[in-house]
Each structure stands twice: as structure tokens, then as C-alpha cells.
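Visitor: Coordinates for the following, if possible.
(2 chains)
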Amino acid sequence: MIYSFFRLFWRDVTYSFSYGKYKYLIFLAYMAALAYAISLRNQSIGTNGLDTFFLLMRDNGYIKTLTDYVIPYYWDFTQFFALFLTADYLIHDFRQNQLYVLLRCQSKRQYIMSKIVWLIIQNLALYLCLFAAVYLASGSVTHDFSLNASSYFHQFIEPMMQSKVSSGLLVTRLLIGFIATSTVLSSLLLLLIHWLQPIIAFFCVVVLCTLSTFLDSKWLPAIHSMILKQDIFDLEHHLTLGFSLAYSACLFLAVSTVTLYICKQRELL
Amino acid sequence: MANEIYLKAEHLSKTIKNQMVLKDINLTLARGFIYGFRGKNGSGKTMLFRALSGLILPTEGTVEAGGITLGKEASFPPSVGVLIEYPGFLNGFTGFKNLKMLAGIKGLIDDEQIKESIRLVGLDPEDKRRYRKYSLGMKQRLGIAQAIMEDPDLIILDEPTNALDTDGIEELKKLLLELKDKKKCILIASHDKEDLDYLSDEIFQMESGKIIGHEIKEAAEP
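Guide: Numbering: from 1, shown residues only, chains lettered A, B, ... in the order given. You can find the predicted model right below:
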């Protein structure tokens, strides 16, 4: 059973990569280009790859008054594109291959379990590649490939912190937040496409993601990828890494369990 | 020797959104026979095929395949190959690589067996052309190859002659007759009366989700 699950999962990995490789490439190339531009702009003030990653992926923080609201374009773009890549593969695979894969694996549970595990691996790999792309693009401008705190970090980022962490830990938390958020949102997408039209399901998840940019509730899944809302930069709201991870894991497990149950009952019309 | 009954549908009905798409279907289908299903678009042929492969569950009645009641003892028939709409073959892969990816799910057959199934449908397994370069007929042939490659006991083909040229249809007929000799239970839906008449041992006429006619050819009693 484990071997047959692994074969299904491996098919998801290879098929999704082959199906979406150009889209992944466009995403990474675009983000690398943005990182390159940001690094060029900040070259004189001593940024390195870690700072560029932070500048690219940071959010808009807590909104005190509505007039302070600034759309976090890069944050939004990253979330939406990551979701799009997941949705694109899931919808294609459900429409075109579900029948042929299910009749071969003979188990709806294994089929969906494979998709659930794929969601985790896909988001993990995507953000690690994204980090590598940004880090390399930035390093190619600044010629600084070190993982140490830069002068920019000491001068501009550290003073913003309410709880001091190293630049490495800051980027690690940023990455963990994005991976957790995208995995939870993808699992919601996987659930919703069994009920709604795929485009409406995608739109619903995008709206849920966007809500975090102007609402401060820590129960919203996307808020956990917003580094400026974490306790590092804002102690007042008590949004800790521990809470973010535990909440995201619980939400993911709950949504995935419902998805498994729904899919076992579902027919292929 | 009497042919073994492989697929049985008893009082099979299916209702979707208050519309009855299959109405009281009774079928007893044996190995070593080809069964043709004829009917206009929307007559219920594809829906029946989905029910017989376990993809939809009956609202009433039962489907039994290989001695297993679908939806109770198992979700799907134990050994089935289907062609219902095109599979999502990857444009950037060759035909062989596409089939290998699907075959990897079961892990039952090796490369040589995949290549043999490609040869059987008249394609070249060593063809380096990507799937995107395939003609519609070649795509259809590859779809048929994926349905037969794992040597299933039950073969369900929905409009297998679509997009095939005259040679392709002749090759398909030859292949299906060979599979019939190997005691496979074969179900085909087609608009083409001539092809269906030539191949089928029994023909079922469908309309509005019901079997309204049943024709048995001579020497085709299971």
C-alpha cells in the first residue's frame, strides 16, 4: 500500500513539474528580475540576498488607520502566483486524468492523499527555489553571497524589530510562514474545487488570502506569512511562530480530512 | 466451454439533479465477447460506461464486475482499461513516455509491454515526436493503447473509431477481435452502425438512458 501510494505521489511530482515547468520558470524568473531590480536600487546602502528576500516578501504590517493602507504588491503577487500554480495543476489533473489514475490505483483515498502530500512538497520546493532565485539574483548585483547580517540589516531592519533576531532567522521565519500559508490555502483550494467551479474556488481562496492585508485577525490563514505582523516586529498582537505553525497545521489537517471524506463520496460525472 | 460472466448490471438506475440519466438497465456480459452500444448523443452510453467502471454509483440497482459488487466490496472493477474522452497526455512527452507515466501507477508492466501495446495500435514506440506533434488519429490510437496496455479483463471504449482513418479503423477491428479471442470482455460505444455491426456479438440500442433494443448475433450466446 505504501509503495502504491509512493508511485501515485511520484506521478504527481513528475507530471505536475512536466505540465507546469514553463509557468514555474516564468514565476521564478520574474521574481529574480524583481530581486535584481531591488538589489540595484539598494546597492549603495549595502544590502545582500537575505535583505532583498525580506524586502520582496514583506507585507504592509498592521494598519492603524485606513489611510495608512498600502497594497503589498509583491506579497500579493507571490501568494497569488503560488496558488495559481497549484490550482492550474490540480484542475488540469482532475479534469483530464482523474478517471485514468483512479482506475489504476483503485483507491480514491490514496489518490487524494497523494494530492495532499503533493501540496506540501510543491509549496516547500517552490519557496525554496524562490529563495534561491532571489538570493542568486541579488548576489549577482551586490557580489555578496554571504548569509550574515548586512549593514542594511543593522541600519534599517534591526531598528524596526521589537524582538531581535538574526537576519538568517528572519528569512527562515519568512519562508516558513509562506510555506505554511500557501499549503493551507492550497488545501482549501483542493477542497473547494470539489464543490465550486474551479475559477470561483480560486477566486474565493484569493479573496481569503487578501483579507489578511487589511484585517488583523490571527485566524486568517494568510496572516501567518506576514512577517511584519509577527511578534518580531509587533509584540502587541502576540502572533508567534509557534501559534502560526500550530494553527496552520491544525487547519491543514482539518481541511484535508474533510477533503478526504468528501472525495470518497464523490462521483466522476 | 461456456464463457464466464464478467460484468452484471441489475436494475441499474442513476439520477443526477432530479434527472434520471440511466433507467433500469439490466446487462449480463461475458468474457470473450464484444458488446456494442449504439445511441444518439446524450442517450446515456457514456454515463452507462462510467457506472460500469465504478466512476459513478447507481441510485438504484447494482453493478458486479469480476465477482465484486462495485461500491460495496470495491470502488472499481479489479482489472479494467477504459477510453472515455482523451487522457491528459503531456504535450512535451513522447507517446511512450506518456504511457510509461500512467503505467507507473500500477507498476504491473515493463517498458517492453508498453512498447508492444503501442505497436498493437499501429504506432511506433520508438517515435521521438512529442505528443503535441501527433495527429488526432495518432492521439486516439495512443488513448486506445493506454486502455489495453495492462492487459485488463474488461475493456471499455467510448467512440474508439473517432478521428481514425480507414486503415486505423481496420487495425482497431483486428486488434479488438484478437482481444476477444483472448477472452476479454469488451464494450464499445459508437455512432458508426457499420463498424459496430461488424465487431459486436451483441448490440444494445440506447435512448434517454434506457436500453430500448437488444440484438444478438448468431453463435453469440454466452
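Visitor: count of neighbours near the closest residue in space to B:V80 that isn't next to it in sequence?
Guide: Closest residue to B:V80 apart from its sequence neighbours, by Cβ to Cβ, 6 or more residues apart in numbering or on different chains: B:L154 at 4.5 Å. Where you see a C-beta, it was placed from the backbone N, CA and C, and this is true even at glycine. B:L154: 22 surrounding residues under other Cβ atoms under 10 Å in any protein chain shown.
Visitor: what's the answer for A:Q197, then?
Guide: A:Q197 has 11 neighbouring residues, counting by other Cβ under 10 Å.
Visitor: Pick out the residue in the stretch 1-150 of chain A sitting closest to chain B.
Guide: Nearest residue of the stretch 1-150 of chain A to chain B (Cβ to the nearest Cβ) works out as A:Q96 at 2.6 Å.
Visitor: Angles on the backbone of that residue, please.
Guide: Phi and psi for A:Q96, reported as degrees, to the nearest 10, are phi -100, psi -30.
Visitor: Same question for the one 10 residues further on.
Guide: When quoted as degrees, to the nearest 10, the phi and psi of A:Q106 stand at phi 60, psi 20.
Visitor: Can you tell me the closest non-neighbouring residue to the residue of chain B found nearest chain A?
Guide: Taking Cβ to the nearest Cβ, chain A has its nearest neighbour within chain B at B:G88, 2.6 Å off. What sits nearest to B:G88 in space, not counting adjacent residues and going by Cβ to Cβ, 6+ apart, is A:Q96, at 2.6 Å.
Visitor: gap between the one you found and B:D197?
Guide: 32 Å (Cβ to Cβ, to the nearest Å).
Visitor: Between these two, which is the more surrounded one?
Guide: Taking neighbours as other Cβ under 10 Å, A:Q96 and B:D197 compare with A:Q96 leading, 17 against 14.
Visitor: quick one on the thing from earlier: let me see the contact set for the residue nearest to B:G88.
Guide: The contact partners of A:Q96, by Cβ atoms under 8 Å, 6 or more residues apart in numbering or on different chains, come to B:86-88.
Visitor: So which of these sits lowest on pLDDT?
Guide: Lowest-confidence member of the contacts of A:Q96: B:Y86, scoring 81 (pLDDT).
Visitor: any idea whether B:K8 is helix, strand or coil?
Guide: strand (DSSP: H, G, I helix; E, B strand; the rest coil).
Visitor: Quick one: mean pLDDT for stretch A:143-163?
Guide: For stretch A:143-163, mean pLDDT rounds to 91.
Visitor: how far does that stretch stretch from start to finish?
Guide: Using Cα to Cα, to the nearest Å, the end-to-end distance of stretch A:143-163 comes to 30 Å.
Visitor: got the contact list for B:T161?
Guide: B:168-169, B:172, B:190, B:192, B:195.
Visitor: A:E267 now?
Guide: B:55-57.
Visitor: Phi and psi next, for it.
Guide: phi -110, psi 160.
Visitor: Measure how buried A:C263 is and give me the count.
Guide: 17.
Visitor: With neighbour count added, can I get the contacts of A:Q96 in a markdown table?
Guide: Shown next, in a markdown table, are the contacts of A:Q96 (neighbours: other Cβ atoms under 10 Å in any protein chain shown):
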| residue | neighbour count |
| --- | --- |
| B:Y86 | 16 |
| B:P87 | 21 |
| B:G88 | 20 |
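Visitor: Quick one: those residues as CSV, columns for secondary structure too.
Guide: Formatted as CSV, the contacts of A:Q96 follow (three-state DSSP):
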residue, secondary structure
B:Y86, coil
B:P87, coil
B:G88, coil
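Visitor: What's the local residue count around B:N18?
Guide: B:N18 - counted by other Cβ under 10 Å - has 5 other residues nearby.
Visitor: residue contacts, residue 152?
Guide: Since no chain was named, I'll use chain A. A:42, A:45-48, A:51.
Visitor: that's the wrong chain, I meant chain B
Guide: Counting by Cβ under 8 Å, 6+ apart, the residues that B:P152 touches are B:79-81, B:184.
Visitor: go with 6 Å
Guide: B:79-81 (Cβ atoms under 6 Å, 6 or more residues apart in numbering or on different chains).
Visitor: can you pull out the strands in chain B?
Guide: B:5-16, B:19-30, B:33-38, B:60-65, B:68-69, B:80-83, B:154-158, B:185-189, B:202-207, B:210-216 (DSSP state E).
Visitor: Run through who's touching the fourth one.
Guide: In other words, strand B:60-65. B:7-13, B:52, B:69-70, B:77.
Visitor: Just the buried residues of these.
Guide: Neighbour-count burial (16 or more other Cβ atoms under 10 Å in any protein chain shown) is assigned, among the contacts of strand B:60-65, to B:7-9, B:12-13, B:52, B:70, B:77.
Visitor: from the residues you listed, which two are the most distant?
Guide: By the measure Cβ to Cβ, B:S13 and B:P77 form the most distant pair in the buried ones among the contacts of strand B:60-65, at 19.5 Å.
Visitor: returning to what we had before: mind putting the contacts of B:T161 in JSON lines, pLDDT and distance to chain A included?
Guide: Formatted as JSON lines, the contacts of B:T161 follow (pLDDT from 0 to 100; distance: Cβ to the nearest Cβ, whole Å):
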{"residue": "B:G168", "pLDDT": "93", "distance to chain A": "21"}
{"residue": "B:I169", "pLDDT": "93", "distance to chain A": "23"}
{"residue": "B:L172", "pLDDT": "94", "distance to chain A": "19"}
{"residue": "B:S190", "pLDDT": "89", "distance to chain A": "19"}
{"residue": "B:D192", "pLDDT": "81", "distance to chain A": "23"}
{"residue": "B:D195", "pLDDT": "86", "distance to chain A": "24"}
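Visitor: Appreciated, that's everything.
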